[in-house]
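Novice: what's the 3D shape of this:
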Amino acid sequence: MTFPRLSYAERIEISERKQLQVLNFLASGEQWSTLPVIAELLNLSERTAGRTVSQLVRQGFLQVEHVRIASGKSITGTLLVGITHAGMVRAGLPESALRPFDFRKVGALTMAHHIQTQRARLAAEAFGWNKWVPGRLLYGQGWHAVPDAISIDQFRKKCGIEIERTIKDKKDYRSLIARHLANVRDGHYEYVAYLVSPDMCAGFKKMLFGITYLVWKGKQIEFLDRHKKKFVIAGWDEFPANLTSASQDDGEVDDFSFRWEQVRDDYFVAKRGDYELVVERPASYRPDAKTEYIWRLILQEDPLHMSESRFHSVVDAQRDAETYVLHHVKL
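Specialist: This is a model prediction of the structure:
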């Protein structure tokens with residue numbers, strides 16, 4: 001069987017498309033990668049991908065360096081590929097975003113983590129995930145914690161991704177989990193996926209879901225089941241297809257909304273962390289009063305704030321109270 005020969009113009013177009021694919025990947029916040037990852041990105045052999053990299057190096061868009069990197073228990077040599085200032089310009093980044101790669105800033109301990117995160121990205125995007133943002137682009141935005149990356153999954157839910165190569169002590173996670181929950185509350189993402197090596201998966205899941213309390217601003221907070229539903233754990237060898245089976249809630253991630261309880265007639269309560277919201281119709285109001293409800297914010301039985309307005313309905317008062325807490329109160 002014979003295949004039609006491509007014209008010179010067609011070969012040039014394909015070559016330029018592959019080159020731009022590499023530059024866009026690195027300019028999206030990755031900054032650097034390795035030849036095996038570039039080959040996976042292009043769906044080519046390392047030898048063929050190496051030709052694309054060499055073309056970009058000759059044009060001044062990439063720089064390369066041979067390094068030794070930890071791979072499991074062994075040390076292997078690989079080609080490190082970093083984008084240059086010219087490469088970022090070629091990828092169309094604005095001048096303010098230009099941060100060319102510097103080999104001197106890559107430590108041996110961070111290499112394996114960075115590469116594993118990129119492999120997770122390629123697997124996720126092949127599975128239908130999109131809008132992947134590396135963690136390095138999330139610093140300086142006032143988040144409580146910065147995950148290794150965020151992305152939109154195939155169900156259009158925003159996920160924070162954490163790559164764990166070792167299991168730390170529980171005390172190290174109590175504060176981090178609380179900060180992730182605060183990010184969820186603030187709408188930065190809807191849940192967190194911890195990706196671990198296959199041999200760590202069972203132990204990590206037992207450790208994480210065995211935590212009974214979190215630490216937030218020096219205080220202990222109970223780690224409730226509704227909090228745990230915000231976290232899924234998966235071995236990175238099958239990510240993201242195995243996220244559903246790893247979930248504590250069959251892959252469903254509920255929202256972090258307020259839950260109001262009617263304690264008695266015209267008295268409603270919602271708790272959020274150590275805080276309590278109360279919507280009520282004060283007894284001093286006449287039965288025929290047109291403006292009835294107020295809300296109060298309470299911390300450990302001490303009133304902190306009361307609504308400046310009065311509301312015609314419970315729902316209006318609750319909505320105003322929720323808005324205030326979301327803007328002025330941290331978990």
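Novice: for the rest of this, base every contact and every neighbour count on C-alpha atoms.
Specialist: Noted.
Novice: after the lowest-mean-pLDDT helix or strand in the chain comes which helix or strand?
Specialist: Here the helix or strand of the chain ranked lowest by mean pLDDT, DSSP states H and E is helix 243-246, holding a mean of 50. The element immediately downstream of helix 243-246 (helix or strand, assigned by DSSP states H and E) is strand 261-264.
Novice: dump that following strand to CSV, keeping only the CA atoms.
Specialist: C-alpha atoms of strand 261-264 as CSV (Å, rounded to 0.1, in the frame of the first residue of the first chain):
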residue,chain,number,x,y,z
GLU,A,261,-32.3,25.2,59.6
GLN,A,262,-35.6,26.5,61.0
VAL,A,263,-35.2,26.4,64.8
ARG,A,264,-38.6,27.8,65.5
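Novice: show me which residues of the following helix or strand past that strand are buried.
Specialist: Downstream of strand 261-264, the next assigned helix or strand under DSSP H and E is strand 267-272. The neighbour-count check on strand 267-272 (16 or more other C-alpha atoms under 10 Å) flags 267-271 as buried.
Novice: one more: stretch 177-194?
Specialist: So for stretch 177-194, counting by 16+ other C-alpha under 10 Å, buried means 177-186, 188-194.
Novice: make sure Ile167 is indeed in a strand.
Specialist: No. Ile167 is assigned coil when assessed by DSSP: H, G, I helix; E, B strand; the rest coil, not a strand.
Novice: you'd agree it is up against Phe204?
Specialist: Yes. Between Ile167 and Phe204 there is a contact under C-alpha atoms under 8 Å: 6.5 Å.
Novice: compare the two (neighbour count), which wins?
Specialist: The neighbour comparison of Ile167 against Phe204 (other C-alpha atoms under 10 Å) goes to Phe204, with 21 against 15.
Novice: which pLDDT value goes with the more buried one?
Specialist: In this model, Phe204 is scored at 92, pLDDT.
Novice: just the buried positions in stretch 16-26, please.
Specialist: In stretch 16-26, counting by 16+ other C-alpha under 10 Å, buried: 18-26.
Novice: so can I have a markdown table of these showing secondary structure, pLDDT and distance to Pro198?
Specialist: What follows is the buried residues of stretch 16-26, written out as a markdown table (DSSP: H, G, I helix; E, B strand; the rest coil; pLDDT from 0 to 100; distance: C-alpha to C-alpha, whole Å):
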| residue | secondary structure | pLDDT | distance to Pro198 |
| --- | --- | --- | --- |
| Lys18 | helix | 94 | 32 |
| Gln19 | helix | 94 | 34 |
| Leu20 | helix | 94 | 34 |
| Gln21 | helix | 94 | 30 |
| Val22 | helix | 95 | 29 |
| Leu23 | helix | 95 | 31 |
| Asn24 | helix | 94 | 30 |
| Phe25 | helix | 95 | 27 |
| Leu26 | helix | 94 | 27 |
